[in-house]
Structures are given as structure tokens and as C-alpha cells.
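Engineer: following is a predicted model, sequence given first.
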Amino acid sequence: MFTYTCSVDTPLGPMTAAAEGEALTGLWFVGQKYYPSKTDTWSNNPDYPVFAALRAWLGAYFEGKKPSIDFLLNPQGTAFQKSVWEILLQIPYGKVSTYGEIAKQLAHKQNTASMSAQAVGGAVGHNPISLVIPCHRVVGTDKSLTGYAGGLDKKEYLLKLEGYR
């Protein structure tokens, strides 16, 4: 499948968006940890339809609104990662969850006794669609800000924007 890309300006700096077919497959802060390395075959196409919807969503989000996702998401990852990202999508705007709470949810869903919070943390950190799949809403057990591929300063900004901190 062919990957289209574009740059999107945000109050936190430029981001790179990627799409395949009709779905958003990626949204990264430029230079963040886990930024994709194989982008040389991507085709810049800022007018690609999903990017217009993404820009509208980001505009509303950074205005402090709670926009609904009205475009398709297709993050690429393992089955485990995708199950974690699905849980992230359920964390309400302005609320947080912990890695441990997500691990418990996942263990319950999979009918297993327990799940590793560290494994959940790895999946959260490799979320390829920042902001839209809200990995910034995951905090440490003591509610401390831990880990964010885009940087803890961005995580703090996003949580304040949502009225959490």
C-alpha cells in the first residue's frame, strides 16, 4: 500500500502525518522518539482527504474542544499493541489512566490472571498516532508524568489543555 504524508503545524511544533488508503496510519512530532525511519518512499500530498479531516480535528483539539474522530484510524502494530491502543481510545478527554490499570483491563479482556504494566508501557510508547490515540493520558501509578515519546513537556501541555493539571 502506498503511504501519503504531510506536515502539520501545531502549537507544540510540527508533526508528520501519514495515511494509507482512506485511513490515518501515523501522526508524530518531528524528531520524537520512535519517529519512523523508513519514510523515503512516502509521497508528500498535503491535500490527501484524511489530512483535511485531521487538520480540522487538531484545530478543534488545540482550541480546547473535545472533537470526535470522524476519520479512519489504521495504526500498524502487533495484536498486543493494537489491543492497548484500543484501550487508550476509551480514556475520556481530561482524564488519565495508569499503565497498571490498563494492564488489568487487558488481562480481564483476555481472561488472564495478569498482564505486565511494563509491556503495556512499551505499547503505549510505540503508539504511531499521537494525540488522536491519546497516549498522553497514561500516567504512572502515583499519577506522575512518566514517558512520552514526544517529550514530557508536551505531555504536560496536553493534559493542562484538557483540564487535567
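Structural biologist: Structure's in. What do you need?
Engineer: buried sites along stretch 140-159?
Structural biologist: For stretch 140-159, the neighbour count (16 or more other Cβ atoms under 10 Å) marks 145, 147, 148, 149, 150, 154, 155, 157, 158, 159 as buried. For every residue, glycine as well, the C-beta is placed using N, CA and C.
Engineer: return the member of those nearest to residue 30.
Structural biologist: Nearest to residue 30 among the buried residues of stretch 140-159 is residue 150, at 9.7 Å by Cβ to Cβ.
Engineer: return the residues in contact with that closest one.
Structural biologist: 12, 28, 29, 32, 33, 130, 136 (Cβ atoms under 8 Å, 6 or more residues apart in numbering).
Engineer: right, and the third one touches residue 13 too?
Structural biologist: Yes. Using Cβ atoms under 8 Å, residue 29 is in contact with residue 13, at 6.0 Å.
Engineer: quick one, which of these two is more surrounded?
Structural biologist: The neighbour count for residue 29 versus residue 13, taken as other Cβ atoms under 10 Å, is higher for residue 29 (20 against 13).
Engineer: which phi and psi does the residue located most distally from the centre of the chain have?
Structural biologist: Note on the chain: the largest C-alpha distance from the chain mean falls to residue 113, namely 27.4 Å (Cα atoms, centre = their mean). The phi/psi pair for residue 113 (degrees, to the nearest 10) reads phi -60, psi -40.
Engineer: in which helix or strand does the residue lying closest to it once chain neighbours are set aside reside?
Structural biologist: Setting aside the residues directly before and after it, residue 113 is nearest to residue 107 in space (Cβ to Cβ, 6 or more residues apart in numbering), at 6.7 Å. Per DSSP states H and E: residue 107 is located in helix 99-109.
Engineer: where is the longest helix in this structure?
Structural biologist: As assigned by DSSP state H, the longest helix anywhere in the chain is helix 49-62.
Engineer: downstream of that helix, the next helix or strand is which one?
Structural biologist: Assigned by DSSP H and E, the successor of helix 49-62 is strand 72-73.
Engineer: quick revisit: of the contacts of residue 150, which is the nearest to residue 90?
Structural biologist: residue 136 (14.5 Å).
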